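>>> Turn this into a structure:
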Amino acid sequence: MELFKVYKLWDIEPVKGLDTTLWDADGNEYTDLYGGHAVISVGHCHPHYVKAVTDQLNKLGFYSNAVQNSLQKELAHKLGKASGYDDYSLFLCNSGAEANENAMKLASFQTGRAKILAFGKAFHGRTSGAVAVTDNPKIQSPFNSTKNVTLVPLNDLEATEQALMTGEYAGVIIEGIQGVAGIYEPSDDFLKSLRELCDRTGTMLILDEIQSGYGRTGLFFAHQHAGIRADIITTAKGMANGFPIGGVLISPAFKAEYGMLGTTFGGNHLACAAAIAVLEIIGSEHLVENAAKIGEYFRNALCPDGQPIHPIKEYRGRGLMIGLEVKDGYEDLRNRLLFEEHFFTGAAGPKVIRLLPSLTISEETASRFVSALKKLSE
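Just a heads-up that it's a prediction; the model follows:
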């Protein structure tokens, strides 16, 4: 049997990691500025994380949600404190797509409505409902086709208001920052107006913080820069530093009913131990503050006096969620960064290099990347 070949793979196999450093099977060393799609939030093989997961595995790896699990309650308490949403409830699942599926289902349960409003260039996952609100026909099969989803342009308040004022929408789903699209932000003013529109029309505001959350932008969730609160927040990628987990933070306005949501593996003992360790590391090492600090360093170094250095056309993002739109030679530059300078980076939309490093990244590591980029651009 062979693997189903749906991924375009670099000819590199990482076999060992420590903080922001990776080693491949041949012993070559790399600096990881991508974290496997923003997943590695507290660095590879952080000792506290490794100990927490190992200790839990030596006690109990899994049991179903048919029994009490105090680790789930501990995780909910610590996530509430860290995020500022301590009056919300937490539903645990396995991934970001699953979190978004449950969020939209909750909005529909709450309002009795069927429609969801989403935004152009959005990416919310690859399961049926999540892919239906994703603006990419290439990953939507005929099975995913639905009349219950409307897409409007991001930051287009007039189109958003026109749709919501019909009173037909259960929820609006929006990314804190659009990642896959190329690092595009909803403006703070747009998010504030969206919150007001949702309040006026009885629509649930769903913030997809799967990539932009967990301290990545310098606040725990990206939408908090706008000073708003969401009805439902979804999270996943950086939540457990590589162990599969997802979460839905749910407003006190929602009433839980037996059986309305469910999962076999969600919130299992190992996943919770991993996620608790991540929150402990983020707090004790002040990693949200570090994300803001190093993000500011990147912006100042790559855009001195507000003008991006060559070969960058535009610098986008907040904190450690960064998109560098390249003027030309995009593929060659990414290849050279990886194979000559040994920096892992990501892609986001056409001609955009995406940086999503661990929140533990140092200024020295950031400086080495800036120097490498300048060197390759000479």
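
>>> Would you mind stating the distance between the nearest residue to Asp208 once chain neighbours are set aside and Asn335?
What sits nearest to Asp208 in space, not counting adjacent residues and going by Cβ to Cβ, 6 or more residues apart in numbering, is Glu175, at 4.7 Å. To be clear about C-beta, it is placed using only N, CA and C from the backbone, and glycine gets the same treatment. Using Cβ to Cβ, to the nearest Å, we find Glu175 at a distance of 28 Å from Asn335.

>>> pLDDT weak spots in the stretch 51-200 of the chain?
Within the stretch 51-200 of the chain, no stretch has pLDDT under 70.

>>> Tell me where it has helices.
70-83, 96-111, 128-132, 157-164, 188-201 (DSSP state H, counting those that start in this stretch).

>>> what's the distance between the third one and the middle of its chain?
Think helix 128-132. 17 Å (Cα atoms, centre = their mean, to the nearest Å).

>>> Show me the one of the helices of the stretch 51-200 of the chain that comes nearest Gly283.
Of all those, helix 70-83 sits nearest to Gly283, with 6.4 Å by Cβ to Cβ.

>>> Check which helix or strand the closest residue to Gln56 other than its chain neighbours maps to.
Leaving aside its sequence neighbours, Gln56 sits nearest to Ala273 (Cβ to Cβ, 6+ apart; 3.7 Å). Using DSSP states H and E, Ala273 sits in helix 269-284.

>>> buried ones in that helix?
269-282 (16 or more other Cβ atoms under 10 Å).

>>> Let me know the angle separating it from helix 70-83.
Going by axes from the mean of the first three to the mean of the last three Cα atoms, to 10 degrees, helix 269-284 is angled at 30 degrees with respect to helix 70-83.

>>> and Gly317, that one's in a strand?
Yes. Gly317 sits within a strand when classified using DSSP: H, G, I helix; E, B strand; the rest coil.

>>> Share the number of residues neighbouring it, please.
Here the count is done by other Cβ atoms under 10 Å, and Gly317 has 26 residues near it.

>>> Identify the residues contacting it.
177, 183, 185, 217, 295, 323 (Cβ atoms under 8 Å, 6 or more residues apart in numbering).

>>> So which of those residues is the closest to Gly112?
After measuring these against Gly112 - Cβ to Cβ - the closest member comes out as Ile177, at 31.1 Å.

>>> Would you mind confirming that Phe221 is in contact with Gly176?
Yes. With contact defined as Cβ atoms under 8 Å, Phe221 and Gly176 form a contacting pair (6.1 Å).

>>> about what we covered before: neighbour count winner among Glu175 and Asn335?
Neighbour tally, Glu175 and Asn335, criterion other Cβ under 10 Å: the higher count belongs to Glu175, 28 against 12.

>>> list the contacts for the more buried one?
Here Glu175 is in contact with 119, 122-124, 186, 207-212 (criterion: Cβ under 8 Å, 6+ apart).

>>> Tell me the spacing between the residue nearest to Val42 when sequence neighbours are not counted and Gly215.
The spatial neighbour of Val42 that comes closest, neighbours along the chain excluded (Cβ to Cβ, 6+ apart), is Ile281 at 4.4 Å. Going from Ile281 to Gly215 by Cβ to Cβ gives 11 Å.

>>> joint contacts of the two?
Listed as contacting both Ile281 and Gly215 by Cβ under 8 Å, 6+ apart are Leu287.

>>> so who does the residue nearest to Ala52 when sequence neighbours are not counted touch?
Nearest non-adjacent residue to Ala52, counting by Cβ to Cβ, 6+ apart: Ala277, 3.7 Å away. Residues near Ala277 by Cβ under 8 Å, 6+ apart: 42, 46, 48-49, 51-53, 241.

>>> one more time with 6 Å, if that's ok
Ala277 sits next to 48-49, 52 when contact means Cβ atoms under 6 Å, 6 or more residues apart in numbering.

>>> so what's it scoring on pLDDT?
pLDDT for Ala277: 98.

>>> what's the answer for Tyr330, then?
87.

>>> Any figure for the gap between the residue nearest to it when sequence neighbours are not counted and Tyr30?
Leaving aside its sequence neighbours, Tyr330 sits nearest to Lys351 (Cβ to Cβ, 6+ apart; 4.4 Å). Lys351 sits 23 Å away from Tyr30, going by Cβ to Cβ.

>>> what does Ala291 give?
From Ala291 to Tyr30 the distance is 21 Å (Cβ to Cβ).

>>> out of the two, which sits in the busier spot?
Shown here are Ala291 and Tyr30; by other Cβ under 10 Å, Ala291 has more neighbours (27 against 19).

>>> so the helix or strand hosting Asn290 versus helix 269-284, what angle?
Here Asn290, judged by DSSP H and E, is contained in helix 287-302. Interaxial angle, helix 287-302 versus helix 269-284 (the same axes, to 10 degrees): 60 degrees.

>>> Return the alpha-carbon coordinates of helix 287-302 using CSV.
Taking Å, rounded to 0.1, in the frame of the first residue of the first chain, the C-alpha atoms of helix 287-302 are listed here in CSV:
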residue,chain,number,x,y,z
LEU,A,287,5.2,34.3,25.4
VAL,A,288,2.2,36.5,24.4
GLU,A,289,4.4,39.5,25.2
ASN,A,290,7.3,38.0,23.4
ALA,A,291,5.1,37.5,20.3
ALA,A,292,4.3,41.2,20.3
LYS,A,293,8.0,42.2,20.9
ILE,A,294,9.5,40.0,18.2
GLY,A,295,6.7,40.8,15.8
GLU,A,296,7.6,44.5,16.3
TYR,A,297,11.2,43.6,15.7
PHE,A,298,10.4,41.9,12.4
ARG,A,299,8.3,44.8,11.2
ASN,A,300,10.9,47.4,12.0
ALA,A,301,13.7,45.4,10.5
LEU,A,302,11.8,44.5,7.3
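
>>> Next, the buried residues of it.
In helix 287-302, counting by 16+ other Cβ under 10 Å, buried: 287-288, 290-295, 297-299, 301-302.
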